[in-house]
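Visitor: fold the stuff below for me.
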Amino acid sequence: MDNKGFISVEFLFSVFIILIMATALLVYSGNAINSSLNVESNLNHRLILDSVSNAINEVDSHGEFYSKSIKLPDTGEYYVIVLEKNRLTIEYDGKKGESYVPFIDPYSTYKMYPGHIYDIEKTQEGKILIT
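Guide: Numbering: from 1, shown residues only. Predicted coordinates:
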């Protein structure tokens, strides 16, 4: 018999297995890339929150009438930082991160937005004022 033009069962099975493995590899690599992008975004926002927290702590520790200016970076993503009592919160993409700033007494609740410059100062009454 002439075997030209016939595909063996082993060949079809091998092609099928290779296609399944290639699909699984593509799905896995896509998930790994998305995961690394999420980690990078979370880390960048956490660093922004920590830098604001450090600036508030620096102003608080230097005493009355000390002030410091900070500029929140414009990362291309929208976020808002809220200082309420002694809790600093960043909200972005439906996520929320918190940092506690102990022993401070802000005048009110402050909202800070990316790309803006803010002056943080400690007043004569010992309260934190952000303008």
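Visitor: strands of this protein, residue ranges please.
Guide: 67-71, 80-84, 87-92, 95-100, 110-112, 117-122, 128-130 (DSSP state E).
Visitor: helices of this structure, start to end?
Guide: Here the chain has its helices, by DSSP state H, at 9-62.
Visitor: can you list the weak-confidence ranges in it?
Guide: Within the chain, the segments meeting pLDDT under 70 span 1-5.
Visitor: nearest to residue 27, of the strands of the chain?
Guide: Between residue 27 and these, the shortest separation by CB to CB is 24.1 Å, and it involves strand 95-100. (Glycine included, C-beta is placed from N, CA and C.)
Visitor: out of the strands of the chain, which comes closest to residue 7?
Guide: Nearest to residue 7, of the strands of the chain and by CB to CB, is strand 95-100 at 51.4 Å.
Visitor: tell me which other helices or strands that closest one touches.
Guide: On a contact count with 3 or more CB pairs under 8 Å, 6 or more residues apart in numbering; DSSP states H and E, strand 95-100 meets helix 9-62, strand 87-92.
Visitor: and the strands of the chain as JSON lines, adding mean neighbour count?
Guide: Below are those laid out as JSON lines (neighbours: other CB atoms under 10 Å):
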{"stretch": "strand 67-71", "mean neighbour count": "14"}
{"stretch": "strand 80-84", "mean neighbour count": "17"}
{"stretch": "strand 87-92", "mean neighbour count": "18"}
{"stretch": "strand 95-100", "mean neighbour count": "13"}
{"stretch": "strand 110-112", "mean neighbour count": "16"}
{"stretch": "strand 117-122", "mean neighbour count": "17"}
{"stretch": "strand 128-130", "mean neighbour count": "18"}
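Visitor: how about these in CSV, adding distance to residue 52?
Guide: Output for the strands of the chain, formatted as CSV (distance: least, CB to CB, whole Å):
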stretch, distance to residue 52
strand 67-71, 7
strand 80-84, 6
strand 87-92, 6
strand 95-100, 8
strand 110-112, 7
strand 117-122, 8
strand 128-130, 10
